[in-house]
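*Asks:* Any chance you can model this:
(one chain, ligands or ions: 1)
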Amino acid sequence: VVRFGALAPTTEPVLDLACGRGRHTRWFLQRGYRVVAVDRDLTGIADLSDEPRLEAVEADLEASAPAHRGGPVGTAPEVLARRYGAVVVTNYLYRPILDPLVTALVPGGLFVYETFARGHERLGRPTNPDFLLEPGELLRLVRGRLRVLAFEDVTVDEPRPALVQRIAAMRAT
Ligand SMILES: C[S@@+](CC[C@H](N)C(=O)[O-])C[C@H]1O[C@@H](n2cnc3c(N)ncnc32)[C@H](O)[C@@H]1O
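*Replies:* Residues are numbered from 1 along each chain as shown. So this is what the prediction gives:
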């Protein structure tokens with residue numbers, strides 16, 4: 001995210017999907033971007049509630065119905081139907097929304113995705129194959145649609161040993 005994030009155009013907001021405590025939301029906000037941060041639990045970014053360039057959307061990305069937890073209106077499909085200058089997803093995988101995430105990019109838009117890959121189950125959680133990328137899966141997702149800037153399928157040591165797959169790719173202008 002840090003290596004490629006600044007390539008994102010500023011014309012549309014950045015989508016930080018499954019934002020958690022918002023480490024990437026914060027990175028983009030600090031650089032002047034508008035951010036749409038989505039999670040089923042927004043408590044991790046509650047301290048950003050006064051941030052005018054942030055739209056925090058509470059939604060269950062794996063349900064078709066809207067979340068009713070007092071958060072701003074916005075079902076997952078509605079958020080995915082918009083257009084973004086960048087889509088950033090880390091440490092989260094729900095395969096049915098992978099395709100719409102690529103479609104959501106404007107021309108010149110940046111796609112950054114990193115999460116656990118097959119083989120990680122030998123190191124720790126997650127072990128469920130639903131949450132582990134298959135070899136080359138992110139490459140197949142963007143093939144013919146985005147230009148690949150970087151792709152890795154590697155073991156990392158920090159913050160804990162993990163097998164991850166990660167991609168940075170861009171839609172043609
Ligand atoms: C491991 S954290 C990753 C957070 C952040 N992307 C990062 O890397 O720092 C996974 C996040 O996915 C969110 N999440 C899990 N299932 C979800 C769902 N069905 N809908 C929306 N968010 C979900 C969790 O609430 C959590 O914040």
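*Asks:* The residue in the chain that the ligand sits nearest to: how many residues sit nearby?
*Replies:* Distances between the chain and the ligand by CB to the nearest ligand atom are smallest at Gly20, namely 2.5 Å. C-beta: built from backbone N, CA, C; applies to glycine. Neighbour count of Gly20, defined by other CB atoms under 10 Å: 17.
*Asks:* Tell me how far it lies from Asn128.
*Replies:* As judged by CB to CB, to the nearest Å, Gly20 and Asn128 stand 19 Å apart.
*Asks:* what does this structure have sitting close to the ligand?
*Replies:* Within reach of the ligand by CB under 6 Å from any ligand atom, the chain has these residues: 18-20, 23, 39-41, 60-62, 90-92.
*Asks:* of the residues you listed, buried ones?
*Replies:* Buried by 16 or more other CB atoms under 10 Å: 18-20, 39, 60-61, 90, 92, out of those.
*Asks:* May I ask which two of the residues you listed are separated the most?
*Replies:* Asp60 and Thr90 (18.6 Å; CB to CB).
*Asks:* Now tabulate the buried ones among the residues of the chain next to the ligand in JSON lines and tack on pLDDT and secondary structure.
*Replies:* Shown next, in JSON lines, are these (pLDDT from 0 to 100; DSSP: H, G, I helix; E, B strand; the rest coil):
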{"residue": "Ala18", "pLDDT": "98", "secondary structure": "coil"}
{"residue": "Cys19", "pLDDT": "98", "secondary structure": "coil"}
{"residue": "Gly20", "pLDDT": "98", "secondary structure": "coil"}
{"residue": "Asp39", "pLDDT": "97", "secondary structure": "strand"}
{"residue": "Asp60", "pLDDT": "92", "secondary structure": "coil"}
{"residue": "Leu61", "pLDDT": "93", "secondary structure": "coil"}
{"residue": "Thr90", "pLDDT": "98", "secondary structure": "strand"}
{"residue": "Tyr92", "pLDDT": "98", "secondary structure": "coil"}
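*Asks:* List just the nearest of the residues you listed to Phe28.
*Replies:* Nearest to Phe28 among those, with distances taken as CB to CB, is Cys19, at 10.4 Å.
*Asks:* quick one, what contacts the closest residue to the closest one other than its chain neighbours?
*Replies:* Excluding the flanking residues, the one nearest Cys19 by CB to CB, 6 or more residues apart in numbering is Ala37, at 4.1 Å. Neighbouring residues of Ala37 by CB atoms under 8 Å, 6 or more residues apart in numbering: 16, 19, 22, 25, 45, 48, 54-57.
*Asks:* what's the answer for Gly20, then?
*Replies:* So Gly20 contacts 39, 44, 91 (CB under 8 Å, 6+ apart).
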